[in-house]
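K.L.:
With the input below, show me the fold.
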Amino acid sequence: MGAATSQLAGRVSGSAGVSSRWATLLGALAAAATAAGCGAELISPLSGDKPVPVAFDPLAYDEAMDPEYERRAAAGESHVLYARSPGGVAATARRVERLRVELAASGGEVDPDLLEAMVFLESAGRPDAIAGNDPEAASGLTQILAETGQSLLGMRIDLAASRRLTRRYRLELRRGHPRAAARALAARRRVDERFVPARALAATVRYLGIARERLGRDDLAVVSYHMGIGNLSGALAAYGGDQPSYARLYFDSSPLRNADAWEILDSLGDDSATYYWRVLAAREIMRLHREDPEELARLALAHAAKGSAEEVLHPRAEAATFAEPADIARARAEGDLVALPGPSRLGMRPDPRLGELAPRVGQRRALYLALRPQAVSVAAYFGRAVREISGHREPLILTSAVRDQTYQDLLAAGNPEATQGYSLHTTGFAFDIRRRYRSPAQGRALQFVLDRFETLNLIAWVREPGAIHVTVARDALVDPAR
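P.N.:
As a prediction, the model looks like this:
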């Protein structure tokens, strides 16, 4: 199914209880922020805009923050739903909403809104969806595997007949016989209950009940729908503890903390580890569909504007951008932009070509070696965390930082990969990291940090031919007013 049903000694701490290695790392980050003119106090992205006197560590965990972790992870993992929902999120939401009667009648103790979100994510509200060409794979409204439906959920599934009718349906479509194709689908529903919405929903509720009994929590039951009870049980056993929340398992596991549990989650490689966050994202989309369709439409446009959620973090209608070199100079003088600290403090080394077009706009290259304080802090965290995780001391290479629109236009005229319109570099919140690493371990470490920051909705990022383009959220780590 979206669930592949194959057959916890960790330490919980917030920033005050991190290991000595991470305490050293956080102290270095605070020093880097101070040296950059950012001030020593960092802003916790999990506490709104209130500065706190210690750095929030995105790789640590604070149990009291579980609801905020869930809220942020739903937002951070939502881009794929906006970008890939068939016909767009609004059309998908309308399809899913038409199933509310079946959802309400599905029985069990599952929250209908959560079940609705799973339908959104699993099939986009299409009862005849198949993951691939063979109905042996995940099929139907809730994408149930044939084996799981037969052996665990007691569904009527004549797989041979289902395959035959699926082939007939496709053949009739190719022949231009829509009525005959529809008859084939109707016949398939009689031999394969996965394609009957009410039966599929009832089976999913049964699965969630079985998983909840085995795992002890509703959130873990939902996670297991994609990950499988066996895989999730293995991660929980590696983590240790008494029925931890999924937020705790996920955010308290990393290459440096509870690494055995993290290795299991990371090894699945099919987005299983982030499935629950995307279910929560789908639930929020359905809420907006019913309560605030204008906001849903706005978010859909922002997500569609770029290959990442960067325009969601910084909508172009609201963003403060730098039009001319003088605007960058003024922002640096006023502290709205800060100079990049040296490689030992930043954990990254500026590429010698960064700012190379400065002479053509009458400026020195050094003018463009700057970013917003939040972006400096995130870059510093990246550089040092990647070094800590990979064990590789050579710094990452920073290839782009702030630009003004004059510089951006000049770059775009000669570089087809440069953004022609609204570039997040002109806000000072974006930087690029060269995609040439000193070792495979360094590349893997950067991938982990990117994914964790994105899940926390602290950044949006996209892979470009020669670089990783990172856009930093306004509430990421540093209080620029201090």
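
K.L.:
What segments of this structure are strands?
P.N.:
Assigned by DSSP state E, the strands in the chain fall at 42-43, 51-52, 338-339, 348-350, 370-371, 396-400, 430-434, 459-463, 467-472, 477-478.

K.L.:
Export these as TSV, with columns for mean pLDDT and distance to residue 245.
P.N.:
No exception for glycine: its C-beta is placed from N, CA and C like everyone else's. Putting the strands of the chain into TSV (pLDDT from 0 to 100; distance: least, CB to CB, whole Å) gives the following:
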stretch	mean pLDDT	distance to residue 245
strand 42-43	38	25
strand 51-52	34	23
strand 338-339	96	37
strand 348-350	94	34
strand 370-371	96	35
strand 396-400	96	33
strand 430-434	97	32
strand 459-463	96	24
strand 467-472	96	28
strand 477-478	49	24
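
K.L.:
Tell me which of those lies nearest to residue 268.
P.N.:
Of all the strands of the chain, it is strand 459-463 that lies closest to residue 268, at 20.7 Å by CB to CB.

K.L.:
what's the closest of the strands of the chain to residue 81?
P.N.:
Closest among the strands of the chain, using CB to CB: strand 459-463, at 14.4 Å.

K.L.:
in terms of contact count, name the helices or strands touching the closest one.
P.N.:
helix 310-313, helix 440-455, strand 467-472 (3 or more CB pairs under 8 Å, 6 or more residues apart in numbering; DSSP states H and E).

K.L.:
Could you rerun that using 7 Å?
P.N.:
helix 440-455, strand 467-472 (3 or more CB pairs under 7 Å, 6 or more residues apart in numbering; DSSP states H and E).

K.L.:
Report how many residues lie close to the closest residue to residue 137 other than its chain neighbours.
P.N.:
Spatial nearest neighbour of residue 137, chain neighbours left out: residue 131 (4.6 Å); criterion: CB to CB, 6 or more residues apart in numbering. Residues within reach of residue 131, counting by other CB atoms under 10 Å, total 17.

K.L.:
follow-up on the earlier one: now render the strands of the chain as JSON lines, adding distance to residue 203 and mean neighbour count.
P.N.:
As requested, the strands of the chain are exported to JSON lines (distance: least, CB to CB, whole Å; neighbours: other CB atoms under 10 Å):
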{"stretch": "strand 42-43", "distance to residue 203": "46", "mean neighbour count": "27"}
{"stretch": "strand 51-52", "distance to residue 203": "47", "mean neighbour count": "14"}
{"stretch": "strand 338-339", "distance to residue 203": "56", "mean neighbour count": "20"}
{"stretch": "strand 348-350", "distance to residue 203": "50", "mean neighbour count": "21"}
{"stretch": "strand 370-371", "distance to residue 203": "51", "mean neighbour count": "24"}
{"stretch": "strand 396-400", "distance to residue 203": "48", "mean neighbour count": "23"}
{"stretch": "strand 430-434", "distance to residue 203": "45", "mean neighbour count": "23"}
{"stretch": "strand 459-463", "distance to residue 203": "36", "mean neighbour count": "21"}
{"stretch": "strand 467-472", "distance to residue 203": "41", "mean neighbour count": "24"}
{"stretch": "strand 477-478", "distance to residue 203": "45", "mean neighbour count": "27"}
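
K.L.:
mind giving me CSV with those strands and columns for distance to residue 292?
P.N.:
Listed next are the strands of the chain as CSV, based on distance: least, CB to CB, whole Å:
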stretch, distance to residue 292
strand 42-43, 27
strand 51-52, 30
strand 338-339, 37
strand 348-350, 40
strand 370-371, 33
strand 396-400, 36
strand 430-434, 28
strand 459-463, 22
strand 467-472, 25
strand 477-478, 29
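
K.L.:
Looking at these, which is nearest to residue 166?
P.N.:
Comparison of those against residue 166 by CB to CB identifies strand 459-463 as nearest, at 35.5 Å.

K.L.:
who's in contact with the closest one?
P.N.:
307-310, 313, 378, 450, 453-454, 468-473, 476 (CB atoms under 7 Å, 6 or more residues apart in numbering).

K.L.:
tell me which residues in stretch 332-342 are buried?
P.N.:
In terms of neighbour count (16 or more other CB atoms under 10 Å), stretch 332-342 has its buried residues at 332, 336, 337, 338, 339, 340, 341.

K.L.:
Show me the two of the residues you listed that sit farthest apart.
P.N.:
Greatest spatial distance in the buried residues of stretch 332-342: 336 and 341, 16.8 Å, computed using CB to CB.

K.L.:
Might you list the low-confidence residue ranges for the stretch 251-400 of the chain?
P.N.:
Low-confidence segments of the stretch 251-400 of the chain (pLDDT under 70): none present.

K.L.:
How about the stretch 101-250 of the chain?
P.N.:
If you take pLDDT under 70 as the line, the stretch 101-250 of the chain has these spans: 104, 107.
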